[in-house]
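Participant: sequence and predicted structure are below.
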Amino acid sequence: MKKEIKKANTKPKKKATIILHSGDFDKIMSAFIVGTGFLSMGIPVTIFFTFWGLNALTKKGFKKAPLSKMNFFGLGRWMINLKMKKYNVASLDTLAHSFKQLGGKMIACTLTMELMGIKEKALRKDLVTDYGSVGTYCYESIDANITLFI
Amino acid sequence: MKKEIKKANTKPKKKATIILHSGDFDKIMSAFIVGTGFLSMGIPVTIFFTFWGLNALTKKGFKKAPLSKMNFFGLGRWMINLKMKKYNVASLDTLAHSFKQLGGKMIACTLTMELMGIKEKALRKDLVTDYGSVGTYCYESIDANITLFI
Amino acid sequence: MKKEIKKANTKPKKKATIILHSGDFDKIMSAFIVGTGFLSMGIPVTIFFTFWGLNALTKKGFKKAPLSKMNFFGLGRWMINLKMKKYNVASLDTLAHSFKQLGGKMIACTLTMELMGIKEKALRKDLVTDYGSVGTYCYESIDANITLFI
């Protein structure tokens, strides 16, 4: 039995952390889709919202997020939303709530809050699970094998 | 001998997965250069082409890809191509084929195909090795230690 | 005693590597803040400066770096610098030197130097710790569990 415990300890843990630096609609969407994907496989996921990404967590954040390349395919945000509806892709709001319900952590970067003058009350309490600094992110990432900067 | 097998099993596997979200010329180039670098060291690499990155796999994709910062150094795409030729840097097309020949996987994101209205026939069959969803990406990344979002 | 050595060898190493592809002020800042965070936890960090990121290592690099989204919050670079001073956030120059003093490696990408026509003398000798190609980056990343593309 002791042997089994040892075996369990040496098995590498799987964990994912994501820094969401971008505030672009398509990148926020990617972060939540990938995050939800890992959570549904039983892998813990933390998203650290920083710089423009933190804006996603403000009250009008999801509604104002621009596309990273506005006219690449001749598709505006409006068009993407329409197509998402057609293909039954969840909205950012639904994606974010699914992510949280599956146990995903959403950490708001306190340094960005100070730099951008964003107060706690401006952020969505239904989404933010914690407030933290770079130390929080690094600590969460020490044992991660999947680390993305979006 | 049994001991040696056990040792081999506990040795952590090395693996790289890349999400190519960007359709910028210089970022596509980075993805293939880094991917080919790992492949040549015997590390398996999967590139998952999504959003603007999927555009790279369409028939005119490489030719239309813009630079992420057009005038940063006063260099246009034209100038970069010229310099690449001068310094004997492989073109995107050559880089992509090298990547595939070394065993690299190129997965086209089916959700992006639906959202952007891109059909299979619009994508390059000489490059795409598979079609997949976010689940495919997550499954490929579970055992990865190198994970990039480009 | 032999057993202990074996144990130490099988414990997975922790290591971080960052590709700094972007030359944006806020992304350079993120790279150094995250890098310094890991270093202060005893985790080795290598930043590989490539494409626009290499520009950060030129003599006027930090002073000319633009914001990735200029008017997102109505904040210009000037405003961010002012706020950074107010909240006692270190300047890019100070962050870069702290990163180096804590043992962080800063590798200048030689392919980018050739493509962009940047000579060694144009780069800051007080910051660059080494020159290298994609092979250098891949070799540094083989044993890494934290890998970011910024």
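Facilitator: That came in fine, so what should we check first?

Participant: low-confidence bits of chain A, can you list those?
Facilitator: Along chain A, the parts satisfying pLDDT under 70 run over A:1-12, A:69-82, A:85-89.

Participant: where do the strands sit along it?
Facilitator: A:16-20, A:45-49, A:105-109, A:130-132, A:146-149 (DSSP state E).

Participant: for chain C, which of these is the nearest?
Facilitator: Smallest distance to chain C across the strands of chain A (CB to the nearest CB): 4.2 Å, for strand A:146-149. Placement of C-beta: from N, CA and C, glycine included.

Participant: contacts for the closest one next, please.
Facilitator: Contact with strand A:146-149 is made by A:14-19, A:21, A:31, A:34, A:38, A:43, A:141, B:19, B:141, B:144, B:147-149, C:30, C:145-150, as judged by CB atoms under 8 Å, 6 or more residues apart in numbering or on different chains.

Participant: at 6 Å instead, please
Facilitator: A:16-19, A:141, B:141, B:147, B:149, C:146, C:148, C:150 (CB atoms under 6 Å, 6 or more residues apart in numbering or on different chains).

Participant: show me what counts as buried in that strand.
Facilitator: Neighbour-count burial for strand A:146-149 flags A:146-149 (criterion: 16 or more other CB atoms under 10 Å in any protein chain shown).

Participant: how about stretch A:134-150?
Facilitator: A:134, A:136-138, A:140-150.

Participant: who are the contact partners of A:Ile107?
Facilitator: So A:Ile107 contacts A:48, A:130, A:132, A:136 (CB under 6 Å, 6+ apart).

Participant: so it bridges to which residues?
Facilitator: Following DSSP bridges, A:Ile107 is listed with bridge partners A:Phe48, A:Asp130.

Participant: quick revisit: ok, the buried residues of strand A:146-149 vs B:His97, which is closest?
Facilitator: When those are compared for distance to B:His97 (CB to CB), A:Leu148 wins out at 27.1 Å.

Participant: now the angle between strand B:105-109 and the longest helix along chain A, please.
Facilitator: In chain A, ranked by residue count with DSSP state H as the criterion, the top helix is helix A:25-39. Orientation check (axes from the mean of the first three to the mean of the last three CA atoms, to 10 degrees): helix A:25-39 against strand B:105-109 gives 110 degrees.

Participant: list the buried ones in helix A:25-39?
Facilitator: So, applying 16+ other CB under 10 Å, buried residues of helix A:25-39: A:25-39.

Participant: one step back: out of the strands of chain A, which comes closest to C:Phe62?
Facilitator: Closest among these, using CB to CB: strand A:146-149, at 20.0 Å.

Participant: contacts only, for the residue sitting nearest the centre point of chain A.
Facilitator: Geometric centre of chain A, nearest residue: A:Ile47, 3.9 Å, by CA atoms, centre = their mean. Residues in contact with A:Ile47, defined by CB under 6 Å, 6+ apart, are A:18, A:20, A:31, A:35, A:106.

Participant: ok, for the fourth one, nearest residue in space, not its chain neighbours?
Facilitator: By the measure of CB to CB, 6 or more residues apart in numbering or on different chains, the closest residue to A:Gly35 outside its immediate chain neighbours is A:Val45, 4.5 Å from it.

Participant: over to the second one?
Facilitator: In this structure, A:Leu20 finds its nearest non-sequential neighbour in A:Gly53, 3.5 Å apart by CB to CB, 6+ apart.

Participant: what's near enough to touch the one you found?
Facilitator: If you count contacts by CB under 6 Å, 6+ apart, then A:Gly53 has A:20-23 around it.

Participant: ok, and the most crowded of those?
Facilitator: Counting neighbours by other CB atoms under 10 Å in any protein chain shown, A:Leu20 leads the contacts of A:Gly53 with 29 neighbours.

Participant: just grab the bridge partners of the closest residue to the residue nearest to the centre of chain A other than its chain neighbours for me.
Facilitator: Among residues not flanking A:Ile47 along the chain, A:Ile18 sits closest, at 4.7 Å (CB to CB, 6+ apart). With DSSP bridges as the criterion, A:Ile18 is bridged to A:Ile47, A:Leu148.

Participant: now do the end-to-end distance for stretch A:98-111.
Facilitator: 27 Å (CA to CA, to the nearest Å).

Participant: show me what counts as buried in that stretch.
Facilitator: A:98-100, A:104-111.

Participant: how about these in JSON lines, adding distance to A:Leu57?
Facilitator: Output for those, formatted as JSON lines (distance: CB to CB, whole Å):
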{"residue": "A:Ser98", "distance to A:Leu57": "16"}
{"residue": "A:Phe99", "distance to A:Leu57": "12"}
{"residue": "A:Lys100", "distance to A:Leu57": "12"}
{"residue": "A:Gly104", "distance to A:Leu57": "13"}
{"residue": "A:Lys105", "distance to A:Leu57": "13"}
{"residue": "A:Met106", "distance to A:Leu57": "7"}
{"residue": "A:Ile107", "distance to A:Leu57": "10"}
{"residue": "A:Ala108", "distance to A:Leu57": "6"}
{"residue": "A:Cys109", "distance to A:Leu57": "10"}
{"residue": "A:Thr110", "distance to A:Leu57": "13"}
{"residue": "A:Leu111", "distance to A:Leu57": "15"}
